[in-house]
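Visitor: have a look; sequence and predicted model below, questions after that.
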Amino acid sequence: MASNLHLVRHGQTDWNLQHRYQGQTDIPLNDTGRAEARDVAERLARLPLAAVVTSTLGRAHATGRAIAEAQGLPLPATDARLMERTFGEAEGLFDHEVKERFPERDLIPGRESDEDLKARALEVLEELAAAFDQDDVAVVTHGGWIAMVLRELVGADYDYSTITNCSVHTLRWDAATREIQVIGHDAFEAAALS
């Protein structure tokens, strides 16, 4: 049997709106982000979620709290492995500033490597799939984190522009066989029917 892991990107923050690198800087949801969190909670209410697990950062936890409340679930559990990549010296900078100062993103001082991010992301997802076998779980995290997981599972051909605030990307993960299927973007209705 398999779990459906619904990867939810948190709602909008002012830094998202301003195109600033957030990374692990704890920026709260803005009014739009809170409305997006309520909307994704309503959309996910069609699923019988067993749990909501979030990053330890406030923007993800607030989004997860809205999802949990809509289903009468306990407050979300948190896991630091769901945090966004740390961008080191780029955090707080605007996109154009990062491009000017650090033309090679992999060389930003203090930036978490792709390998380290991938290792912690896949580790926590494997644990969640095993813990919630045959269940649906909302996993509220961050855009760069989700992109890394999808790059690993799907490759460069995936449409990464779909990782918008409060988008949902669903993985069907069989903990016993380690078979992982990316169901797609906002595909939770199909997942609930299969």
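Guide: On my side now, so go ahead.
Visitor: which elements pack onto the top helix by length along the chain?
Guide: Ranked by residue count under DSSP state H, the longest helix found in the chain is helix 114-131. Contact partners of helix 114-131 among helices and strands, from 3 or more C-beta pairs under 8 Å, 6 or more residues apart in numbering; DSSP states H and E: strand 3-9, strand 136-141, helix 143-153, strand 168-174. In this view, the C-beta of every residue, glycine as well, is placed from N, C-alpha and C.
Visitor: just give the closest residue to the spatially most central residue of the chain, not the sequence neighbours.
Guide: For the chain, Thr141 is the residue whose C-alpha lies nearest the centre (C-alpha atoms, centre = their mean; 2.9 Å). In space, and not counting its chain neighbours, Thr141 is closest to Leu82: 4.5 Å by C-beta to C-beta, 6 or more residues apart in numbering.
Visitor: surely the one you found meets Thr56?
Guide: Yes. Under the criterion of C-beta atoms under 8 Å, Leu82 makes contact with Thr56 at 7.5 Å.
Visitor: neighbour count for these two, which is higher?
Guide: Set side by side, Leu82 and Thr56 show more neighbours around Leu82, with 26 against 14, by other C-beta atoms under 10 Å.
Visitor: quick check, pLDDT for the more buried one.
Guide: With respect to pLDDT, Leu82 has a value of 98.
Visitor: what distance do you get for Leu117 to Gln12?
Guide: 22 Å (C-beta to C-beta, to the nearest Å).
Visitor: which residue ranges of this structure form helices?
Guide: Shown for the chain, the helices assigned by DSSP H span residues 14-18, 31-44, 58-71, 95-101, 114-131, 143-153, 188-193.
Visitor: most packed of these?
Guide: The highest average neighbour count among the helices of the chain, using mean count of other C-beta atoms under 10 Å, belongs to helix 58-71 at a mean of 23.
Visitor: output that helix as CSV, nothing but the C-alphas.
Guide: What follows is helix 58-71 as a C-alpha-only set of coordinates in CSV (Å, rounded to 0.1, in the frame of the first residue of the first chain):
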residue,chain,number,x,y,z
GLY,A,58,6.2,30.3,10.9
ARG,A,59,5.0,30.8,7.3
ALA,A,60,4.7,27.1,6.8
HIS,A,61,3.3,26.4,10.3
ALA,A,62,0.6,29.0,9.9
THR,A,63,-0.4,27.5,6.5
GLY,A,64,-0.5,24.0,8.1
ARG,A,65,-2.5,25.2,11.0
ALA,A,66,-5.2,26.5,8.6
ILE,A,67,-5.3,23.0,6.9
ALA,A,68,-5.4,21.2,10.3
GLU,A,69,-8.2,23.4,11.7
ALA,A,70,-10.3,22.9,8.6
GLN,A,71,-10.3,19.1,9.2
